[in-house]
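**Student:** What follows is a predicted protein model with its sequence.
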Protein chains: 2
Amino acid sequence: MVLEGEIKARGRSITSLGAEESSVDVKTARSFWRAVERIQPGASISSGPAGRERTIVVVSGWVSETRILPDGRRQIFSFLLPGDVAAMTHASNIGNRGLVALTNVEIADAGALGGGEAGEGPGAWLTDASRRREERLFEQIVRIGRLSAKERVLNLLLELYDRLDAIGLVKESAFRIPLTQEVFADALGLSVVHINRTLQQLRREGMVTMGRGTVMLHDRQRLASFACYQAEIHHGGFDQSRRASAARSN
Amino acid sequence: MVLEGEIKARGRSITSLGAEESSVDVKTARSFWRAVERIQPGASISSGPAGRERTIVVVSGWVSETRILPDGRRQIFSFLLPGDVAAMTHASNIGNRGLVALTNVEIADAGALGGGEAGEGPGAWLTDASRRREERLFEQIVRIGRLSAKERVLNLLLELYDRLDAIGLVKESAFRIPLTQEVFADALGLSVVHINRTLQQLRREGMVTMGRGTVMLHDRQRLASFACYQAEIHHGGFDQSRRASAARSN
DNA sequence: CGAGACTTTGACCGTAGTCAATTTATGTGG
DNA sequence: CCACATAAATTGACTACGGTCAAAGTCTCG
């Protein structure tokens, strides 16, 4: 087995793998939203009172948007990182779609910020966030619909890189992901075993380095073209101040 | 998987399979929106002027929301039926996502109706429509992420049944779809050959009857449970008056 | 009839799934 | 600090679902 020792940064437990390490961004986030709720890893985020819609913002940690089929198969639709938004209907919580915390998570209620209408201010930001959210759903569809296992994994890693980078969670071109291979598998529509073998292959071929929840992508440009990844076009929002870090190349 | 050009060549036979036959609903639709544009089969719907966002409503016909990868692989994200809404950024048109007419199509601009804010009136209807649109993206992800070929096909057919029924396009529990097997394949993340074999199997097993663009599903209840299909929960909108037809069982 | 779009078939291949066992963390209580 | 329990990661053997290629058959329409 190949746990590349080249990586310096390290974390002890799952809770230290999430975003809560990044004091800077958590602070930034906290200055915008008061965290109204803390969620334990594995717990799901409840929708509001029956029938009422609830829009939440992730302040820190990772959340997965999940659906479990009657026969136990599971599909993860998307990952929510700090700054991401999700709307939940009560209905969407029942057998349909659930938000499950993958780490310790802090969320805030976005409802208070207004409905997300065009124009300036937090409302506009919300609109933008949900536009990008939808954009990611399309990427997800392409991934599982048309990409090979190798491409899927790379494509997802590239997306996570960009998103984490945008909120300042990429350090020395490495980032941490609190995802087990099983979570990966359920997000990419593959089996755990195959994910495992695919990751090994990617490591063997020197495309990525990963171990203990830390990932490093080598030659993102090449990987992007290999995995049909196209960086998001829309920018701005949650943490503009960190944008500078996007300049760092690999 | 196909290169764009192949789609266009012939549109005649296809046009007769579309929704434009249903005079009743087209009339209903026309009473709400003035059709501002007609699109030929195979043509794509252009986004507005650069940078400007455009929200359109399909008045009649079928539209596919598509993405073509650099190497020619194609993924269809969703089908838009009469009454469905789609928002396009200029950016989303470039190498990202395109709306392509599958039949003769009439569209209207929804922008004039207001931004889709909470409350009553056309705005609320728009919000609802786009919520359901998003819901369908999730269904699509489950389909291609976790269902087998047989399940995928059935699941999609069941969704189309419900959507067409809701707008009065199901007659005697049969409906018409202007989709070639290739379009089906690109929507479901399968190859044409496999779609073909899957359809044959479904016919052999007596689950569906289909030919010449007409489809009939036998025992939808059973099929739904087999294909992990759950009917949409949200209702209302485009054509309330036709809801009665939902009562018809198989 | 001929052309092109679509569907269907057969042979063969390969990616990814399944099952089952093993190894490696990670964590816990004594 | 060790024994044990549990979650994750890994491996091997085997299967199968779905892809690819290439050819033939159908349908529609001009």
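**Tutor:** In hand now; what should we look at?
**Student:** Which stretches in chain A count as helices?
**Tutor:** Ranges of helices within chain A are A:23-32, A:122-146, A:149-166, A:181-188, A:192-204, A:220-226, based on DSSP state H.
**Student:** In chain A, where is pLDDT below threshold?
**Tutor:** Chain A contains residues with pLDDT under 70 at A:1-35, A:48-52, A:90-95, A:111-124, A:126, A:233-250.
**Student:** Tell me which of the helices of chain A sits nearest to DNA strand D.
**Tutor:** Distances from DNA strand D to each of the helices of chain A were compared using CB to the nearest atom of the strand; the minimum, 3.4 Å, belongs to helix A:181-188. For the C-beta atoms, the positions are set from N, CA and C on the backbone; glycine is no exception.
**Student:** what's the angle from that closest one to helix A:122-146?
**Tutor:** 90 degrees (axes from the mean of the first three to the mean of the last three CA atoms, to 10 degrees).
**Student:** Which secondary structure elements does helix A:181-188 sit against?
**Tutor:** Using 3 or more CB pairs under 8 Å, 6 or more residues apart in numbering or on different chains; DSSP states H and E as the contact criterion, the neighbours of helix A:181-188 among helices and strands are strand A:63-68, strand A:74-80, helix A:122-146, helix A:149-166, helix A:192-204.
**Student:** The ones you listed into TSV, with extra columns for distance to A:N104 and mean neighbour count?
**Tutor:** Below are those laid out as TSV (distance: least, CB to CB, whole Å; neighbours: other CB atoms under 10 Å in any protein chain shown):
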stretch	distance to A:N104	mean neighbour count
strand A:63-68	11	21
strand A:74-80	14	22
helix A:122-146	22	20
helix A:149-166	17	22
helix A:192-204	24	15
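**Student:** will you turn those into TSV that also has distance to B:L154?
**Tutor:** As requested, the helices and strands packed on helix A:181-188 are exported to TSV (distance: least, CB to CB, whole Å):
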stretch	distance to B:L154
strand A:63-68	18
strand A:74-80	17
helix A:122-146	17
helix A:149-166	24
helix A:192-204	25
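**Student:** Stretch A:153-168 close to DNA strand C?
**Tutor:** No. Residues of stretch A:153-168 are not located near DNA strand C by CB under 7 Å from any atom of the strand, the shortest gap being 9.7 Å.
**Student:** Output the helices of chain A in CSV; the columns should cover distance to B:R97.
**Tutor:** Written out in CSV, the entries for the helices of chain A read as follows (distance: least, CB to CB, whole Å):
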stretch, distance to B:R97
helix A:23-32, 30
helix A:122-146, 6
helix A:149-166, 16
helix A:181-188, 21
helix A:192-204, 27
helix A:220-226, 18
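**Student:** Mind checking the helices and strands packed on helix A:181-188 for the one nearest to A:T89?
**Tutor:** strand A:63-68 (13.2 Å; CB to CB).
**Student:** Just want the angle from the closest one to strand A:74-80.
**Tutor:** On the basis of the same axes, to 10 degrees, strand A:63-68 is oriented at 160 degrees to strand A:74-80.
**Student:** Sheet partners, orientation included, of strand A:63-68?
**Tutor:** Partner strands for strand A:63-68, per DSSP bridges, with pairing direction: strand A:74-80 (antiparallel), strand A:98-101 (antiparallel).
**Student:** closest to A:H218 out of the ones you listed?
**Tutor:** The closest approach between A:H218 and any of the strands paired with strand A:63-68, judged by CB to CB, belongs to strand A:74-80 at 22.3 Å.
**Student:** correct me, but A:L202 touches A:N155?
**Tutor:** No. Applying CB atoms under 8 Å, one finds A:L202 not in contact with A:N155, separated by 11.8 Å.
**Student:** Tabulate the strands paired with strand A:63-68 (a markdown table), appending distance to B:E106.
**Tutor:** A markdown table is the format used below for the strands paired with strand A:63-68 (distance: least, CB to CB, whole Å):
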| stretch | distance to B:E106 |
| --- | --- |
| strand A:74-80 | 32 |
| strand A:98-101 | 39 |
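**Student:** Show me the one of those strands that comes nearest A:E37.
**Tutor:** Shortest distance between A:E37 and the strands paired with strand A:63-68, using CB to CB, is found for strand A:98-101: 10.2 Å.
**Student:** Pull the residues that contact that closest one.
**Tutor:** Residues lying outside strand A:98-101 but in contact with it, judged by CB atoms under 8 Å, 6 or more residues apart in numbering or on different chains, are A:39-45, A:56, A:61-68, A:80, A:86, A:88.
**Student:** again, only this time at 7 Å
**Tutor:** The list of residues contacting strand A:98-101 from outside it, by CB atoms under 7 Å, 6 or more residues apart in numbering or on different chains, reads A:39-45, A:61, A:63-66, A:86, A:88.
**Student:** re the thing from before, turn the helices of chain A into TSV, columns for distance to DNA strand D.
**Tutor:** Converted to TSV, those look like this (distance: least, CB to the nearest atom of the strand, whole Å):
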stretch	distance to DNA strand D
helix A:23-32	24
helix A:122-146	9
helix A:149-166	12
helix A:181-188	3
helix A:192-204	4
helix A:220-226	16
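**Student:** Which one of those helices lies nearest to A:G211?
**Tutor:** With respect to A:G211, and counting by CB to CB, the nearest of the helices of chain A is helix A:192-204 at 8.8 Å.
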